[in-house]
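K.L.:
Predicted coordinates and the sequence they were generated for:
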Amino acid sequence: MTTKSEPLEPGSVLYDPATSQVGEYRDKSGPYAMLRPVGGGQEWQADPASLRPATPRERLSAEVRATNQHTRAAGASAPPTPEDLSRPPRPVPGCPACAELAGRRETARAEYDRSAETDANVLLRQHQRKEHRA
């Protein structure tokens, strides 16, 4: 708990037992301390006498919660859809590098060399990501 001899510093991360929340100290408002959630949000009033410094675990938990909320708000809640790897890539018409890699793949197929066929598919996908996607 804070005492009169320990002034609250703006930005201090404190635990409020009345709300069971961790917040950053902002300022005083009358007899109350103004706290806001770590990472931003709506401020709340707390009794300065009941506040204590947040433990490292409480602080980490609050930071992770804030990061997760920002990530969800940004629309990144689901991982990006991976490209369909169940089918071999198609060469881009008119691209000599794509044609050469597709030729390598066809040669490997004709020779029943599945390892070389897979290698050609990987190289073709890498080439397409680098050269044909913005």
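P.N.:
Received the coordinates, thanks. Numbers count the residues shown, from 1 in each chain.

K.L.:
How about the worst-scoring helix or strand of the chain on mean pLDDT, which residues are buried there?
P.N.:
One helix or strand of the chain scores below all others by mean pLDDT, DSSP states H and E: helix 56-73, with a mean of 85. By neighbour count on 16 or more other CB atoms under 10 Å, the buried set for helix 56-73 is 58, 59, 62, 66. All C-beta atoms are positioned from the backbone trio N, CA, C, and that covers glycine.

K.L.:
got it, and stretch 116-127?
P.N.:
117, 120, 121, 123, 124, 127.

K.L.:
ok, and what's touching that stretch?
P.N.:
Here stretch 116-127 makes contact (CB atoms under 8 Å, 6 or more residues apart in numbering) with 83, 88-89, 91, 97-98, 101-102, 104-105, 107-109.

K.L.:
can you give me the angle the lengthiest strand in the chain makes with helix 56-73?
P.N.:
Secondary structure of the chain per DSSP state E: the longest strand is strand 21-29. Orientation of strand 21-29 against helix 56-73 (axes from the mean of the first three to the mean of the last three CA atoms, to 10 degrees) gives an angle of 90 degrees.

K.L.:
Neighbouring strands - and their directions - for strand 21-29?
P.N.:
strand 13-16 (antiparallel), strand 32-37 (antiparallel) (DSSP bridges).

K.L.:
which residues of the chain score low on pLDDT?
P.N.:
Applying pLDDT under 70 to the chain picks out residues 1-6, 74-83, 134.

K.L.:
Let me see the domain layout of it.
P.N.:
Domain assignment for the chain by automatic domain parsing gives 1-55, 96-131.

K.L.:
among the ones you listed, which is nearest residue 70?
P.N.:
If you check each of the domains of the chain against residue 70 by CB to CB, domain 1-55 wins as the nearest, at 6.6 Å.

K.L.:
and stretch 32-40, which residues are buried?
P.N.:
For stretch 32-40, by 16+ other CB under 10 Å, it's 33, 34, 35, 37, 38.

K.L.:
could I get those residues as CSV with distance to residue 49?
P.N.:
Output for the buried residues of stretch 32-40, formatted as CSV (distance: CB to CB, whole Å):
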residue, distance to residue 49
33, 9
34, 15
35, 14
37, 21
38, 22
